[in-house]
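[1] sequence and predicted model, in that order:
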Amino acid sequence: MHQIVEAIEAGVQSRPSAMEFEMAYQARVAIDRIKFAIKHTEQFARPCGTMREAGLELLDALDRLQALDRRFQIRSRCAADRNGTMSEAKG
């Protein structure tokens, strides 16, 4: 009985929670907005040290969010592989 409970708890902990799915969605929205800001600052802003620094900060934020998104994708794929389907991994 104890082993069954442990197996169930391990399965639940291995799946992304609803909060993690929401955070992943928000990260993707932020990624899109940062890409938009980078594109437009490069296209329309006058080149200067301050704008270069702002661009580097945006690129750093973008890299961090993309790394977070990749970790979430790996975790959700692993949960789907263990459980058979993605719909089961979300549940």
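    That came through fine. Computed from a predicted model, the values in this text were never measured in an experiment.

[2] what score does the residue nearest the centre of the chain have for pLDDT?
    By C-alpha atoms, centre = their mean, the chain has its centre lying nearest to residue 69, at 2.2 Å. Residue 69 carries a pLDDT score of 91 in this model.

[3] mind listing what it touches?
    The neighbourhood of residue 69, defined by C-beta atoms under 8 Å, 6 or more residues apart in numbering, consists of 24, 27-28, 31. Backbone N, C-alpha and C define where each C-beta goes, glycine included.

[4] list the buried residues of stretch 29-48.
    30-31, 34, 38 (16 or more other C-beta atoms under 10 Å).

[5] among the contacts of residue 69, give me the pair with the biggest separation.
    24 and 31 (10.4 Å; C-beta to C-beta).

[6] roughly how far is the longest helix along the chain from the heart of the chain?
    In the chain, taking DSSP state H as the definition, the longest helix is helix 49-83. Centroid separation between helix 49-83 and its chain, computed with C-alpha atoms, centre = their mean, to the nearest Å, is 6 Å.

[7] low-confidence stretches in the chain?
    5, 8-14, 79-80, 82-91 (pLDDT under 70).

[8] quick one: contacts for residue 75?
    Residue 75 touches 16, 20, counting by C-beta under 8 Å, 6+ apart.

[9] and the host helix or strand of residue 35, what does it pack onto?
    For residue 35, the host element (DSSP states H and E) is helix 18-44. For helix 18-44, the packing partners by 3 or more C-beta pairs under 8 Å, 6 or more residues apart in numbering; DSSP states H and E come out as helix 49-83.

[10] the helix it packs on vs helix 18-44, what angle?
    150 degrees (axes from the mean of the first three to the mean of the last three C-alpha atoms, to 10 degrees).
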